[in-house]
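Enquirer: fold the stuff below for me.
(one chain, ligands or ions: 1)
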Amino acid sequence: MAILIDGKELAARKREEIAKETKELAEKTGTTPGLAVVIVGDDPASQTYVRNKAKACEEVGFYSEVVSLPANTSQRDLLKVIAELNERIDIDGILVQLPLPKHINEKAVIGKISPKKDVDGFTPSNAGKVLIGSPKFAPCTPAGIMELVKSTGINIEGKHCVVVGRSNIVGKPVAMMMLHENATVTVCHSHTANLKGFTSKADILIAAVGKAGFITGDMVKEGAVVIDVGINRNDEGKLCGDVNFEQVEPKAGFITPVPGGVGPMTITMLLKNTLDAALYFTEEREKIRKKKN
Ligand code: NDP
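Expert: I've put the predicted structure just below:
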């Protein structure tokens, strides 16, 4: 039977630390970290994610602002909103909730977020920094996954890590982060031949596919660390991951549940990045103030 990696508990501990640092920052400098979340349209899942982010900000003492725009907002108007947020002194982090409506080019919008406020770590410059192993803002879900794996106490170095999924927001960056921790990494995708041949050799298996129960018991090595990134609804409408928990749990050494695994850590890393951005801007302002005096 696997040991459950409790993302909720780990996230709660980290959020306590963030709240403490936030309080200290406010006491010392009068600064409150500020996060702006931009949402276009009324997709219910996106709205839930945005609400959860705003609530998490409130809990750790951040200022947060939800910029809610109608689905027919033009790309030009959205870019204007981003430009304004880039300039605002009370906003340290900007997040654009994805997906955007079809008529908007996501890459163009993300590319306009100031890399210094890109707390999602999605801009090309921050993605490049992950590639060379010196991230400014590590993308939140991969950073959360790394924390979850490290929380097991296993040594990542020399382990075979298999990532199923190669998206820019999860699969590719987490593969890079594992590589920088000296794991041997295999990235699988929808064109991978004999997927099971790879997954069943993984010491650390990360499933970021988006298909309910996709990873079955026969695809997993005995004792593996299994990280389930997926957020899906099964036929009964119940929230579930990419891993068939009932089959995999008896075989795995460690496993994350869905819900309560990767999800809470993703938001926690967003809070951490926002706090880091606020610390950076506070330092920069202090340097300017000192120069003037
Ligand atoms: P994408 O749809 O962008 O990527 C899915 C990946 O899975 C693709 O690389 C695709 O391959 C691969 N894939 C699809 N079918 C197969 C298959 N049959 N065999 C092997 N690989 C396959 O998804 P995301 O990376 O954005 O998200 C993945 C999941 O994680 C989703 O359920 C999403 O909701 C969830 N998620 C959860 C988060 C959290 O905080 N918990 C945050 C972000 C995402 P190819 O590239 O060839 O198409």
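
Enquirer: the residue of the stretch 1-150 of the chain found nearest the ligand: neighbour count?
Expert: Across the stretch 1-150 of the chain, no residue is closer to the ligand than residue 141, which sits at 4.1 Å (CB to the nearest ligand atom). Every residue, glycine included, has its C-beta placed from N, CA and C. Using other CB atoms under 10 Å, residue 141 has 25 neighbouring residues.

Enquirer: and what of residue 51?
Expert: Around residue 51 there are 13 residues (other CB under 10 Å).

Enquirer: how about residue 242?
Expert: 24.

Enquirer: give the contact list for it.
Expert: Shown in contact with residue 242 (CB atoms under 8 Å, 6 or more residues apart in numbering): 164, 207-215, 228-230, 232.

Enquirer: now do 6 Å
Expert: Neighbour list for residue 242: 207, 209, 211, 214, 215, 228, 230 [criterion: CB atoms under 6 Å, 6 or more residues apart in numbering].

Enquirer: now it: closest residue in space, sequence neighbours ignored.
Expert: residue 230 (3.1 Å; CB to CB, 6 or more residues apart in numbering).

Enquirer: correct me if wrong: that neighbour contacts residue 241.
Expert: Yes - here residue 230 reaches residue 241: they are 4.2 Å apart, a contact under CB atoms under 6 Å.

Enquirer: compare these two (neighbour count), which wins?
Expert: Set side by side, residue 230 and residue 241 show more neighbours around residue 241, with 32 against 24, by other CB under 10 Å.

Enquirer: show the model's pLDDT score for that one.
Expert: Per-residue pLDDT puts residue 241 at 97.

Enquirer: just checking, it touches residue 228?
Expert: Yes - applying CB under 6 Å, one finds residue 241 in contact with residue 228, separated by 3.6 Å.

Enquirer: mind listing the shared neighbours of these two?
Expert: residue 258.

Enquirer: that older thread, contact partners for the residue nearest to residue 242?
Expert: With the criterion set at CB under 6 Å, 6+ apart, residue 230 makes contact with 210, 241, 242.

Enquirer: circling back to that earlier point, need the three-state assignment for the residue of the stretch 1-150 of the chain closest to the ligand.
Expert: helix (DSSP: H, G, I helix; E, B strand; the rest coil).

Enquirer: my read is that it contacts residue 267, right?
Expert: No - under the criterion of CB under 6 Å, residue 141 makes no contact with residue 267, lying 9.8 Å away.

Enquirer: and the stretch 51-200 of the chain, which residues reach the ligand?
Expert: 141, 164-167, 169-171, 188-192, 195 (CB under 6 Å from any ligand atom).

Enquirer: swap in 8 Å and give it another go.
Expert: 140-141, 144, 164-171, 188-192, 195 (CB under 8 Å from any ligand atom).

Enquirer: quick one, what contacts residue 173?
Expert: 130, 139, 142.
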